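[1] here is the input, now give the coordinates:
(chains A and B, ligands or ions: 2)
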Amino acid sequence: MILQQLVNGLIIGSVYALIALGLTMIYGVLRILHVAHAGIYALGAYAGLVAYGLSQSFLLALLAAMVVAGAAGFGIQRYIYRPLFGTSPLVPLIASIGLFIFMEDLYRLVFGPNIIPLNAVWPSFALEWRGVKVTETQLVILLVTGLLLAFVWFFTEKTRLGLAWKAVAQDLEIAQAMGVNANLAVASNVVLGSVLAAAAGLLVAANYNEVYPTMGSVPAYKMLAIVVLGGLGNPVGTVLAGLLIGLVETLVVAYLGYKLPRDAIAFLALILVLMLKPQGLFARKGGG
Amino acid sequence: MRVEAGEWVSIIGANGAGKTTTIKTIMGLVTARRGKILFNGRDITNLPPWERVELGISYVPEGRRIFPELTVEENLRLGAFRLTNRDPRLKEGFERVYQLFPRLAERRRQLGRTLSGGEQQMLALGRALMPGPRLLLIDEISMGLMPLAVNQAFHSLWELNRQGMTILLVEQNARKAIGYATRGYVLETGRLVLAGTAAELAENPRVREAYLGG
Ligand SMILES: Nc1ncnc2c1ncn2[C@@H]1O[C@H](COP(=O)(O)OP(=O)(O)OP(=O)(O)O)[C@@H](O)[C@H]1O
Ligand SMILES: [Mg+2]
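    Ligands and ions are numbered 1, 2, ... in the order given. So this is what the prediction gives:
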């Protein structure tokens, strides 16, 4: 049933796109590989878990996850990355990795090491068309990722703030001299990126019905691979790379069985692309 | 160092004399270790660059530094970033710049990096003019341009100054910089060593020997 696999692949790919898009946006303006982004992803799942438990509303849980993650993203850029500005790029990278480990341990301390089920229930509205089935959870994922991706596109292409992000990404100093408040541009960018990661975390938690401290570990590696595949700092390329990895993974698992561990595929693709086209699959000509 | 409203002041000095550093400090891109910067009597020493823009200071950086992956129009839009989309001054800014440089209007949808050097210099100047500034800070307008384009660039500045724009220019091309200026300063290894009217500097034997080629 190839059509079914394509649908499944695109849906998981859209979640990858969501988390990786946040990472690539943040890399674009800060030039930092924000590894702790995967910690924000797990934070979104935990915040959503708590909020869902309190409200029994997935929409409220999603909003809570995004607010908490946005606040955490703001704090990270303000109190960790900004003071490290102007140091060697390795310093914020190491800080970010350290922060990620700290976050995982914090979740373990607060929520315990075990898997907690989210048990999200929604009215049943699964779709079926010529044997292709889309579950309720999948529909929710499609809807949320679609809306968020459209929102980010609108923001970056149609607003002054989006223009400021592009300018800061291309030349921070000159952007400031043109009147762009760099602090605000960086903060808003990291907040939005974190909101995306949180939504992705909660969606995945709903999909597999599990929340656990290290749930960000595999996405951490995978998002890095996707962002590089998409051509670091290139949002459109990153979304395409996310969808592509989701598709390829699903198809390989479906048709080749589990001979290849699913999570290794992103890295195989990464190695191949780095050998053949090191600027990424979707790098713009001459772009940096 | 002083610049009066309506003046054209040029700073000349050898490579590494501190000209760019001076301009960047006025713009707020480099923090002043000592001293004060006053603009219209207001102390701006500790203002971030984006707030200095709002007061009416505009900057044409060394090496043009236009945004390579943005179109001509987006580059100009950034020049007036502080204005909202609905602000009538935005439209006026575009009209003013396109009138001054019709070539930019023809190329408004083109990416910055695809422009020729001369066009990029027009864009860098146009971008700085977008918000309708009171003071233009210009770093090496002649850099990398053919003599004809250098003449055009200086002519544009002369025209702007004649219409009342205050200009602080930093230049390697001392002959032109002094030729057009009201007054000038000479920088050597980070120190102000000479100040005077354009005529005084042009007559000064030290300046003649070191910067005007005897
Ligand atoms: N961030 C920095 N750290 C250390 N030294 C610096 C820094 N920026 C500039 N300098 C030094 O300060 C001196 C003045 O530099 P500046 O760029 O202002 O020179 P300039 O007069 O503009 O020269 P040019 O004509 O070559 O553009 C130079 O010796 C330069 O190496
Ligand atoms: Mg210089």
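[2] could you use CA atoms for every contact and neighbour count after this?
    Fine.
[3] which parts of chain B sit against ligand 1?
    Proximity of chain B to ligand 1, by C-alpha under 6 Å from any ligand atom, involves residues B:14-21.
[4] can you give me the strands for chain B?
    Along chain B, counting by DSSP state E, strands occupy B:8-13, B:38-39, B:42-43, B:57-60, B:135-139, B:166-171, B:183-188, B:191-197.
[5] what's the answer for chain A, then?
    Along chain A, counting by DSSP E, strands occupy A:127-129, A:132-134.
[6] pLDDT weak spots in the stretch 1-150 of chain A?
    Of all residues in the stretch 1-150 of chain A, none has pLDDT under 70.
[7] dump the residue contacts of residue 14.
    All of this refers to chain A. Counting by C-alpha atoms under 8 Å, 6 or more residues apart in numbering or on different chains, residue A:14 touches A:142, A:145, A:239, A:242-243, A:246.
[8] that's the wrong chain, I wanted chain B
    Residues in contact with residue B:14 (C-alpha under 8 Å, 6+ apart) are B:172, B:187-188.
[9] by pLDDT, rank the residues you listed and give me the bottom one.
    Among the contacts of residue B:14, residue B:172 carries the weakest pLDDT, at 85.
[10] now the residue of chain B found nearest chain A, nearest residue through space, not along the chain?
    Of all residues in chain B, residue B:50 sits closest to chain A, at 3.8 Å by C-alpha to the nearest C-alpha. Closest residue in space to residue B:50, ignoring its immediate chain neighbours: residue A:179 at 3.8 Å, by C-alpha to C-alpha, 6 or more residues apart in numbering or on different chains.
[11] ditto for residue A:115
    residue A:212 (4.7 Å).
[12] run a quick neighbour tally on the residue of chain A found nearest ligand 1.
    Nearest residue of chain A to ligand 1, counting by C-alpha to the nearest ligand atom: residue A:86, 10.5 Å away. Neighbour count for residue A:86, taken as other C-alpha atoms under 10 Å in any protein chain shown: 10.
[13] burial count for residue 24?
    Picked chain A for this. When neighbours are counted by other C-alpha under 10 Å, residue A:24 registers 31.
[14] if you could check chain B rather than the one you did, that'd help
    Using other C-alpha under 10 Å: residue B:24 sits among 21 other residues.
[15] re earlier: hmm, the residue nearest to residue B:50 is touching residue B:77, no?
    No - applying C-alpha atoms under 8 Å as the test, residue A:179 and residue B:77 come out as separate, 10.9 Å apart.
[16] thinking again about what came up before, what about the residue nearest to residue B:50, distance to residue B:79?
    Applying C-alpha to C-alpha, to the nearest Å, the value for residue A:179 to residue B:79 is 7 Å.
[17] among these two, which residue is more densely surrounded?
    residue B:79 (31 against 25).
[18] now do the contacts for the nearest residue to that one once chain neighbours are set aside.
    In space, and not counting its chain neighbours, residue B:79 is closest to residue B:127: 4.6 Å by C-alpha to C-alpha, 6+ apart. By C-alpha under 8 Å, 6+ apart, the residues touching residue B:127 are B:75-80.
[19] repeat the analysis, applying 10 Å as the threshold.
    By C-alpha atoms under 10 Å, 6 or more residues apart in numbering or on different chains, the residues touching residue B:127 are A:178, B:58-60, B:66, B:72-80, B:93-94, B:97, B:121.
[20] weed out the non-buried ones from the residues you listed.
    A:178, B:58-60, B:66, B:72-80, B:93-94, B:97, B:121 (16 or more other C-alpha atoms under 10 Å in any protein chain shown).
[21] show me what contacts the residue lying closest to residue B:15 once chain neighbours are set aside?
    Setting aside the residues directly before and after it, residue B:15 is nearest to residue B:172 in space (C-alpha to C-alpha, 6+ apart), at 7.9 Å. When contacts are counted by C-alpha under 10 Å, 6+ apart, residue B:172 is found next to B:11-15, B:19, B:139-143, B:211.
[22] could you check the pLDDT of residue A:183?
    Confidence at residue A:183, expressed as pLDDT, is 96.
[23] for chain B, which residue is closest to the average position?
    Nearest to the mean C-alpha position of chain B, by C-alpha atoms, centre = their mean, lies residue B:138 at 1.7 Å.
[24] can I get the contacts of residue B:172 in CSV including distance to residue A:113?
    CSV is the format used below for the contacts of residue B:172 (distance: C-alpha to C-alpha, whole Å):
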residue, distance to residue A:113
B:11, 66
B:12, 67
B:13, 66
B:14, 65
B:15, 62
B:19, 60
B:139, 59
B:140, 61
B:141, 63
B:142, 65
B:143, 62
B:211, 73
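[25] put together JSON lines for these, with pLDDT on each row.
    Converted to JSON lines, the contacts of residue B:172 look like this (pLDDT from 0 to 100):
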{"residue": "B:11", "pLDDT": "96"}
{"residue": "B:12", "pLDDT": "94"}
{"residue": "B:13", "pLDDT": "92"}
{"residue": "B:14", "pLDDT": "89"}
{"residue": "B:15", "pLDDT": "90"}
{"residue": "B:19", "pLDDT": "95"}
{"residue": "B:139", "pLDDT": "96"}
{"residue": "B:140", "pLDDT": "93"}
{"residue": "B:141", "pLDDT": "91"}
{"residue": "B:142", "pLDDT": "89"}
{"residue": "B:143", "pLDDT": "87"}
{"residue": "B:211", "pLDDT": "84"}
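[26] that older thread, which ones among the contacts of residue A:14 map onto helices?
    If you go by DSSP state H, the contacts of residue A:14 have A:142, A:145, A:239, A:242-243, A:246 in helices.
[27] where do the helices sit along the stretch 151-288 of chain A?
    Remark: helices assigned in the stretch 151-288 of chain A by DSSP state H, counting those that start in this stretch are A:160-170, A:172-177, A:182-208, A:217-229, A:235-256, A:265-276.
[28] looking at those, which has the lowest confidence?
    helix A:265-276 (a mean of 83).
[29] against which helices or strands is that one packed?
    Applying 3 or more C-alpha pairs under 10 Å, 6 or more residues apart in numbering or on different chains; DSSP states H and E, one finds that helix A:265-276 makes contact with helix A:217-229, helix A:235-256.
[30] and it, how far out from the chain's middle?
    Computed by C-alpha atoms, centre = their mean, to the nearest Å, the chain-centroid distance of helix A:265-276 equals 20 Å.
[31] likewise stretch B:54-68?
    Relative to the centre of its chain, stretch B:54-68 is centred 8 Å away, using C-alpha atoms, centre = their mean.
[32] report the mean per-residue pLDDT for it.
    Averaged across stretch B:54-68, the pLDDT comes to 96.
[33] got the CA positions of that stretch in CSV?
    Presented in CSV, the C-alpha positions along stretch B:54-68 are these (Å, rounded to 0.1, in the frame of the first residue of the first chain):
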residue,chain,number,x,y,z
GLU,B,54,16.0,57.1,14.9
LEU,B,55,17.6,60.4,15.8
GLY,B,56,18.6,60.9,12.2
ILE,B,57,22.1,59.4,11.8
SER,B,58,22.6,57.2,8.7
TYR,B,59,25.6,55.1,7.8
VAL,B,60,27.2,54.1,4.5
PRO,B,61,29.7,51.4,5.5
GLU,B,62,33.1,50.7,4.2
GLY,B,63,32.9,48.1,1.4
ARG,B,64,29.1,48.9,0.9
ARG,B,65,27.9,45.9,2.9
ILE,B,66,24.5,45.7,1.1
PHE,B,67,22.5,42.6,2.0
PRO,B,68,23.4,40.2,-0.7
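[34] follow-up on the earlier one: report the separation between the residue of chain A closest to ligand 1 and residue A:172.
    Per C-alpha to C-alpha, residue A:86 is found 12 Å from residue A:172.
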